[in-house]
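A.B. asks: coordinates for the following, if possible.
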Amino acid sequence: MRGKIKITLEQLRIAAKKPRRGTPICHDETMKVLNALEASNYEAAPLYKYIKEADKCFEQARLEKKKGKASTLYHLTKYLEQKK
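C.D. replies: Numbers count the residues shown, from 1 in each chain. Here you go, the predicted structure:
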């Protein structure tokens with residue numbers, strides 16, 4: 001079954017508040033967009049600033065995930081005594 005899924009703003013808020021292992025990515029920015037959506041009477045123009053912030057946050061999170069974590073060997077080399 002394909003088509004649009006209709007959910008309410010309240011359902012989005014409940015989903016955002018569900019307990020998870022950690023905080024969701026860009027949770028604060030997402031909540032700002034959801035709150036502003038209702039306040040702006042569901043018009044896009046007043047939301048531009050909040051959407052731009054959320055996009056920037058998601059892009060930064062994507063880059064951090066892509067970069068990955070430094071290896072243990074990298075961290076241990078900081079303590080290595082180099083003899084010259």
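A.B. asks: in the helix ranked longest in the chain, which residues are buried?
C.D. replies: Ranked by residue count, the top helix of the chain under DSSP state H comes out as helix 48-67. Buried residues in helix 48-67, counted by 16 or more other CB atoms under 10 Å: 50, 54, 57. All C-beta atoms are positioned from the backbone trio N, CA, C, and that covers glycine.
A.B. asks: and Asp55, what's its pLDDT?
C.D. replies: Looking at Asp55, its pLDDT reads 90.
A.B. asks: roughly how far does it sit from Glu10?
C.D. replies: Separation of Asp55 from Glu10 (CB to CB, to the nearest Å) stands at 24 Å.
A.B. asks: state the mean pLDDT of the helix or strand hosting Gln11.
C.D. replies: Element membership for Gln11 (DSSP states H and E) is helix 9-16. Mean per-residue pLDDT for helix 9-16: 72.
A.B. asks: ditto for stretch 25-42
C.D. replies: 84.
A.B. asks: touching stretch 27-47 from outside, list them.
C.D. replies: 9, 12-13, 16, 24, 50-51, 53-54, 57 (CB atoms under 8 Å, 6 or more residues apart in numbering).
A.B. asks: tell me the buried residues in it?
C.D. replies: Buried-residue list, stretch 27-47, by 16+ other CB under 10 Å: 29-34, 37, 47.
A.B. asks: ok, back up a step: other SSEs contacting the longest helix of the chain?
C.D. replies: Using 3 or more CB pairs under 8 Å, 6 or more residues apart in numbering; DSSP states H and E as the contact test, the elements touching helix 48-67 are helix 27-39.
A.B. asks: may I have the helix it packs on as CSV, with CA atoms only?
C.D. replies: Presented in CSV, the C-alpha positions along helix 27-39 are these (Å, rounded to 0.1, in the frame of the first residue of the first chain):
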residue,chain,number,x,y,z
HIS,A,27,16.7,17.0,18.5
ASP,A,28,16.6,20.7,19.6
GLU,A,29,16.5,21.9,15.9
THR,A,30,13.8,19.4,15.1
MET,A,31,11.6,20.5,18.0
LYS,A,32,12.0,24.2,17.0
VAL,A,33,10.7,23.4,13.5
LEU,A,34,7.8,21.4,14.9
ASN,A,35,6.8,24.2,17.4
ALA,A,36,7.2,26.9,14.7
LEU,A,37,5.1,24.9,12.3
GLU,A,38,2.1,25.1,14.5
ALA,A,39,2.8,28.8,15.5
